[in-house]
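**Student:** Here is my input; please provide its structure:
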Amino acid sequence: MFDPLLQDRDNDKEKQGQKEKDEKDTGGVEQESRRQMQKLGKGGNTEVGDIRKVDAKEMKEKNPWHMPVTIIITVIGVIAIVALVTVAVLQNRPLPQKYKYGIVLDAGSSHTALYIYEWPAEKDNNTGRVEQTHRCKVKGPGISSYASAPVKAGESLRLCMEEAKQRVPGKRHHQTPLYLGATAGMRLLNMENSSASDKVFQAVEGALQKFPFSYQGARILSGQEEGAFGWVTVNYLDERLKQGLETRGALDLGGASTQISFVSDNYDGSESPSNSVTFRLYGNDYNLYTHSFLCYGKDQALIMALAHQSQAGPAEVLDPCFHPGYTVTKNYSVLYDSPCVSDRKPKDAPDTFNHSGRGDFLQCQAAVKSVFNFTSCKYSRCSFNGVFQPLLQGPYGAFSAYYFVMNFLNLTDTSVPLEDVKEKLKRYCATNWDQITQRHPDVKLKYLAEYCFSGTYILTLLEGYNFTSESYSDIKFIKKIKDSDAGWTLGYMLNLTNMIPAEAPDTPPLPPAGYVSIVSVIAVLLFILFIVSLRPLWPRCSKQSQIV
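**Tutor:** Residues are numbered from 1 along each chain as shown. So this is what the prediction gives:
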């Protein structure tokens with residue numbers, strides 16, 4: 001049976017269900033539409049809020065463009081850093097060093113020696129260390145010995161000069177200064193015969209000018225210059241000048257003269273100003289005491305001692321400074337040919353005499369002291385022969401013949417008490433000549449015979465300089481300092497080439513290597529900071545790309 005009420009109820013339920021379905025469908029469509037609008041970048045604040053809730057991982061999967069960009073930026077940064085470091089390494093890698101050179105000839109009384117010095121070309125006038133690279137001993141005697149045949153003086157230098165040509169690079173020859181300094185041997189010749197001295201120099205200059213170096217002249221150094229430049233050499237090589245340390249005194253002993261040079265707080269140059277030399281080196285002032293004793297080199301001192309013993313013109317001289325069993329015939333005219341004794345030759349002396357040894361150290365000391373005057377002094381203090389000398393101060397370097405004699409005698413250790421040194425020398429002098437020659441078959445007899453005298457003379461000379469048993473240990477016998485010979489030649493060249501500045505060189509605020517290192521570190525830190533500063537922008541950039 002058809003019931004209108006039931007039919008209406010059913011229709012109402014059907015309409016209600018359809019309505020709910022339509023509303024559900026509409027809601028689904030709206031949600032889907034909202035999603036689409038989010039994808040298209042449309043919608044209001046609700047949609048922006050929904051975007052912020054989107055999972056970052058999902059965004060990266062959908063738009064991972066920031067990953068390649070990050071990689072590119074990182075690669076560029078790494079390349080930049082590597083390039084910077086590479087430039088730094090190339091800038092500071094060791095390059096082939098360029099050097100300059102200088103040559104000095106030391107024309108001494110007994111021999112001539114050639115020295116070659118080298119220093120970095122880019123460090124003139126301040127920090128470039130000058131080093132000795134070669135030494136050549138000229139064959140034959142000193143140039144003063146060629147007074148009667150001056151041409152031979154120049155010829156004697158040829159072999160060593162040829163060595164210098166080989167040692168100094170050819171492209172540096174014309175830039176290399178060449179100096180010759182003559183010392184006491186030529187001083188004596190110039191005093192005795194100035195014309196002969198001039199001819200020797202003319203021959204030497206003519207020979208040296210034939211070589212491709214920059215010849216700067218040959219001249220006689222004064223005794224004061226020889227002493228002062230020796231002091232400069234010792235303290236330059238010890239690096240005492242540059243660092244402003246206490247200086248070392250210089251004791252130089254040659255064949256014809258000896259020099260003592262030192263700085264003393266008790267000497268301002270007012271007393272005996274002729275012995276004062278002032279230097280300003282590396283910003284420090286030095287008031288140097290220096291004195292040279294002509295005729296007091298070991299060879300001329302031996303002549304003076306022997307002349308003193310032969311004043312009566314005997315046919316035989318029994319010399320306590322030579323070994324027992326030693327005997328040699330010598331000529332009086334040769335002995336008294338030296339300017340140091342030429343005015344003392346005995347009138348009625350025979351032509352020759354026998355020079356015999358008796359090896360008595362104590363009597364040798366007395367014979368050696370006969371050539372000194374230890375009593376005369378018109379100043380507040382003196383060394384000997386009436387020469388002013390202030391109080392000794394500081395350590396001392398004793399070089400040249402000081403070293404060679406004491407080294408041969410095995411007496412260079414100054415920590416050994418002075419009395420023990422004298423006792424060893426006493427035993428050596430008393431040794432028979434035959435035993436001495438057997439012990440040293442390779443040493444020339446002339447030099448071998450003189451070591452007893454030379455050792456005794458050195459100890460007496462040091463006593464004359466006022467060294468005592470206590471201050472003897474302040475002396476160091478030296479041959480070389482850091483591979484360079486101790487002597488006046490280096491100081492002479494440093495002075496003439498202005499290699500030691502008067503003022504201390506300015507110190508750069510930062511060396512190149514340190515500067516590059518700091519720049520590299522700063523560049524790395526800035527790059528890291530740049531990357532970190534971009535990190536918050538990565539999601540935002542990704543979102544913007546999604547809503548475009």
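
**Student:** C-alpha from now on. contacts and neighbour counts both.
**Tutor:** Fine.

**Student:** which secondary structure elements does the helix or strand harbouring Trp119 contact?
**Tutor:** Under the criterion of DSSP states H and E, Trp119 resides in strand 112-120. Using 3 or more CA pairs under 8 Å, 6 or more residues apart in numbering; DSSP states H and E as the contact test, the elements touching strand 112-120 are strand 99-107, strand 131-137, helix 158-167.

**Student:** how about a cut-off of 10 Å?
**Tutor:** Counting contacts by 3 or more CA pairs under 10 Å, 6 or more residues apart in numbering; DSSP states H and E, strand 112-120 is packed against strand 99-107, strand 131-137, helix 158-167, strand 177-182, strand 484-485, helix 488-496.

**Student:** among those, which is nearest Thr414?
**Tutor:** strand 484-485 (20.2 Å; CA to CA).

**Student:** Sheet-wise, list the partners of the closest one with their directions.
**Tutor:** In the sheet, strand 484-485 lines up against strand 480-481 (antiparallel) (DSSP bridges).

**Student:** how far does the strand it pairs with sit from the chain's center?
**Tutor:** Relative to its chain's centre, strand 480-481 lies at 10 Å (CA atoms, centre = their mean, to the nearest Å).

**Student:** can you check stretch 266-274 too?
**Tutor:** With CA atoms, centre = their mean as the basis, stretch 266-274 stands 31 Å off its chain's centre.

**Student:** how far does the strand holding Trp119 sit from the chain's center?
**Tutor:** So, by CA atoms, centre = their mean, the centroid of strand 112-120 is 13 Å from its chain's centroid.

**Student:** still on that earlier bit, want to throw the helices and strands packed on strand 112-120 into CSV with distance to Pro417, mean pLDDT and mean neighbour count?
**Tutor:** Below are the helices and strands packed on strand 112-120 laid out as CSV (distance: least, CA to CA, whole Å; pLDDT from 0 to 100; neighbours: other CA atoms under 10 Å):
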stretch, distance to Pro417, mean pLDDT, mean neighbour count
strand 99-107, 35, 97, 23
strand 131-137, 34, 97, 17
helix 158-167, 42, 98, 16
strand 177-182, 37, 98, 23
strand 484-485, 27, 96, 21
helix 488-496, 30, 95, 21
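
**Student:** Partner strands of the strand holding Trp119 and their direction?
**Tutor:** In its sheet, and by DSSP bridges, strand 112-120 pairs with strand 99-107 (antiparallel), strand 131-137 (antiparallel).

**Student:** Run through who's touching the last one.
**Tutor:** Under the contact criterion CA atoms under 10 Å, 6 or more residues apart in numbering, strand 131-137 has outside partners 101-106, 111-120, 157, 159-161, 163-164, 167-168, 237, 482-485, 490.

**Student:** Swap in 6 Å and give it another go.
**Tutor:** Residues outside strand 131-137 that contact it (CA atoms under 6 Å, 6 or more residues apart in numbering) are 113-118, 160, 484.

**Student:** tell me which helix or strand of the chain sits lowest on mean pLDDT?
**Tutor:** Here the helix or strand of the chain ranked lowest by mean pLDDT, DSSP states H and E is helix 45-52, holding a mean of 49.

**Student:** Leaving out chain neighbours, which residue sits closest to Ala121?
**Tutor:** Tyr99 (4.6 Å; CA to CA, 6 or more residues apart in numbering).

**Student:** Tell me the bridge partners for that neighbour.
**Tutor:** So, taking DSSP bridges as the rule, Tyr99 has Pro120 as bridge partners.

**Student:** Now do the contacts for it.
**Tutor:** Tyr99 touches 119-121, counting by CA under 6 Å, 6+ apart.

**Student:** what do you get for Pro320?
**Tutor:** 357-360, 363-364.

**Student:** Give me the distance between the residue nearest to Ala121 and Leu237.
**Tutor:** 19 Å (CA to CA, to the nearest Å).

**Student:** cool, and Ser469?
**Tutor:** Applying CA to CA to Ser469 and Leu237 gives a distance of 28 Å.

**Student:** Off-centre distance for the helix or strand hosting Gln435?
**Tutor:** Element membership for Gln435, per DSSP H and E: helix 433-439. Centre-to-centre, helix 433-439 and its host chain are 41 Å apart (CA atoms, centre = their mean).

**Student:** Okay, buried residues for it please.
**Tutor:** Neighbour-count burial for helix 433-439 flags 433, 436 (criterion: 16 or more other CA atoms under 10 Å).

**Student:** who are the neighbours in contact with the residue most central in space within the chain?
**Tutor:** Taking CA atoms, centre = their mean as the criterion, Arg129 is the residue nearest the geometric centre of the chain, at 4.5 Å. Under the criterion of CA under 6 Å, 6+ apart, the neighbours of Arg129 are Trp119.

**Student:** Per-residue confidence at it, what does it come out as?
**Tutor:** Predicted confidence (pLDDT) for Arg129: 85.

**Student:** ok, which stretches of the stretch 201-350 of the chain are strands?
**Tutor:** Listed in chain order, the strands of the stretch 201-350 of the chain (DSSP state E, counting those that start in this stretch) span 214-220, 249-253, 257-263, 276-281, 284-294, 316-319, 327-331.

**Student:** Mind telling me which of those strands the model trusts least?
**Tutor:** strand 276-281 - the lowest mean pLDDT of the strands of the stretch 201-350 of the chain, at a mean of 93.

**Student:** circling back: of the contacts of Tyr99, just the buried ones, ChimeraX syntax please.
**Tutor:** The ChimeraX command for the buried members of the contacts of Tyr99 (criterion: 16+ other CA under 10 Å) is given here:
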select :119,120
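
**Student:** which one among the contacts of Tyr99 gets closest to Pro395?
**Tutor:** Looking across those and measuring by CA to CA, the closest to Pro395 is Trp119, at 27.9 Å.

**Student:** if I read this right, that closest one contacts Val130, doesn't it?
**Tutor:** Yes. Counting by CA atoms under 6 Å, Trp119 touches Val130, with 4.7 Å between them.

**Student:** quick one: buried residues of stretch 363-381?
**Tutor:** Those would be 364-365, 367-369, 371-372, 374, for stretch 363-381 by 16+ other CA under 10 Å.

**Student:** Same question for stretch 215-225.
**Tutor:** 215-216, 218-221, 223-225.

**Student:** Out of those residues, which is nearest to Leu494?
**Tutor:** Glu225 (12.9 Å).

**Student:** hang on, the earlier thing: the more surrounded of Ser469 and Leu237?
**Tutor:** Between Ser469 and Leu237, Leu237 has the larger neighbour count (other CA atoms under 10 Å), namely 22 against 11.

**Student:** Would you mind giving me the confidence score for that one?
**Tutor:** In this model, Leu237 is scored at 95, pLDDT.

**Student:** what's the answer for Glu122, then?
**Tutor:** For Glu122, pLDDT reads 72.

**Student:** if I look at it, how far off is Thr233?
**Tutor:** Taking CA to CA, one finds Glu122 at 22 Å from Thr233.
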